[in-house]
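**Q** Okay, here's the prediction I keep looking at, along with the sequence it came from:
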Amino acid sequence: MLRVYLHDSVLKLEGRLTAADADHICTLMTGTDTQPKILIDLTDVTFVDLVGETVLSFLGRGGAEFIAETAYSLDVCERLGLRLTRNGRSETLQSEVRGRSSRMGDA
């Protein structure tokens, strides 16, 4: 089951993002007059199937940025190359992970 909350320009997803829900998310995001910068909060997402990943990638290519604060949501963003927003800055997780692993090797 997926819960979706849209407040201002933040789309918060909670639960499992599967094919049936992914189609609804895509329709919701492409059918609304929203600001160019959309934030999608994946922190409380517990599962994303292949169709869900395709929709997240589509939204990412369209300019959406993502919030991810759990290991699973961070992994999804890294695998899909999605842009994260932290403290008002946009970044990709891949560069952060490389930096963290090199720091761990220095210890």
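**A** Done, it's in.
**Q** Please make it C-alpha for all contacts and neighbour counts, starting now.
**A** OK.
**Q** I'd like the distance between the residue nearest to L11 when sequence neighbours are not counted and T46.
**A** Spatial nearest neighbour of L11, excluding adjacent residues (Cα to Cα, 6 or more residues apart in numbering): I40 at 4.7 Å. Distance, I40 to T46, by Cα to Cα, to the nearest Å: 15 Å.
**Q** of the two, who's got more company?
**A** Each of I40 and T46 has its neighbours counted (other Cα atoms under 10 Å); I40 has more, 23 against 15.
**Q** residues contacting that one?
**A** Contact partners of I40, counting by Cα atoms under 8 Å, 6 or more residues apart in numbering, are V10, L11, K12, L13, A64, E65, F66, I67.
**Q** I67 too?
**A** Contact partners of I67, counting by Cα under 8 Å, 6+ apart, are L39, I40, D41, L42, T43, L84, T85, R86.
**Q** and what of A19?
**A** When contacts are counted by Cα under 8 Å, 6+ apart, A19 touches D49, L50, V51, G52.
**Q** Please spell out the ChimeraX selection for the buried subset of those residues.
**A** Restricted to buried positions by 16 or more other Cα atoms under 10 Å, the ChimeraX selection for the contacts of A19 reads:
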select :51,52
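**Q** any chance of the contacts of A19 in JSON lines, with secondary structure, pLDDT and distance to C77 too?
**A** Below are the contacts of A19 laid out as JSON lines (DSSP: H, G, I helix; E, B strand; the rest coil; pLDDT from 0 to 100; distance: Cα to Cα, whole Å):
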{"residue": "D49", "secondary structure": "coil", "pLDDT": "95", "distance to C77": "13"}
{"residue": "L50", "secondary structure": "helix", "pLDDT": "95", "distance to C77": "14"}
{"residue": "V51", "secondary structure": "helix", "pLDDT": "93", "distance to C77": "15"}
{"residue": "G52", "secondary structure": "helix", "pLDDT": "94", "distance to C77": "12"}
